[in-house]
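Asker: Structural data only, the sequence is not supplied:
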């Protein structure tokens with residue numbers, strides 16, 4: 001039985017980049033084989049998706065000006081300018097520009 005596909009978008013996050021850099025160093029030092037690094041990254045993709053889906057309960061709302069949007073193969077990308085985030089605890093965070101990438105959750109391991 002094969003493992004269902006997961007999106008790899010979390011690999012470009014801070015933690016994903018750090019993981020990739022650490023694995024690259026381990027491969028360069030011949031500490032682990034490249035196949036093991038690939039397996040670690042695949043597990044990272046699955047765990048990130050599952051954790052965000054099942055364990056994160058915080059909510060926020062935001063408003064801003066939609067600058068650009070694009071959809072391709074169930075992946076949508078939005079560039080939003082002058083964004084105001086309002087958190088559950090009423091904290092407010094402002095950003096000049098953000099990029100949001102959304103994916104069809106059904107591909108990420110769902111039947």
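Answerer: Looks like it came in fine. Everything quoted here is computed from the prediction, not taken from an experiment. Numbering: from 1, shown residues only.
Asker: what's the nearest residue to residue 83 if we skip its chain neighbours?
Answerer: residue 64 (3.6 Å; C-beta to C-beta, 6 or more residues apart in numbering). The C-beta positions use only the backbone N, C-alpha and C, and glycine is treated the same way.
Asker: surely that neighbour meets residue 86?
Answerer: No: judged on C-beta atoms under 8 Å, residue 64 makes no contact with residue 86 at a distance of 11.8 Å.
Asker: So those two - more neighbours on which side?
Answerer: residue 64 (19 against 14; other C-beta atoms under 10 Å).
Asker: roughly how far apart are the closest residue in space to residue 33 that isn't next to it in sequence and residue 38?
Answerer: Among residues not flanking residue 33 along the chain, residue 27 sits closest, at 7.5 Å (C-beta to C-beta, 6+ apart). Separation of residue 27 from residue 38 (C-beta to C-beta, to the nearest Å) stands at 10 Å.
Asker: which helices and strands sit right next to the lengthiest helix in the chain?
Answerer: Counting by DSSP state H, the longest helix found in the chain is helix 34-54. Counting contacts by 3 or more C-beta pairs under 8 Å, 6 or more residues apart in numbering; DSSP states H and E, helix 34-54 packs against helix 14-28.
Asker: Alright, calling it a day.
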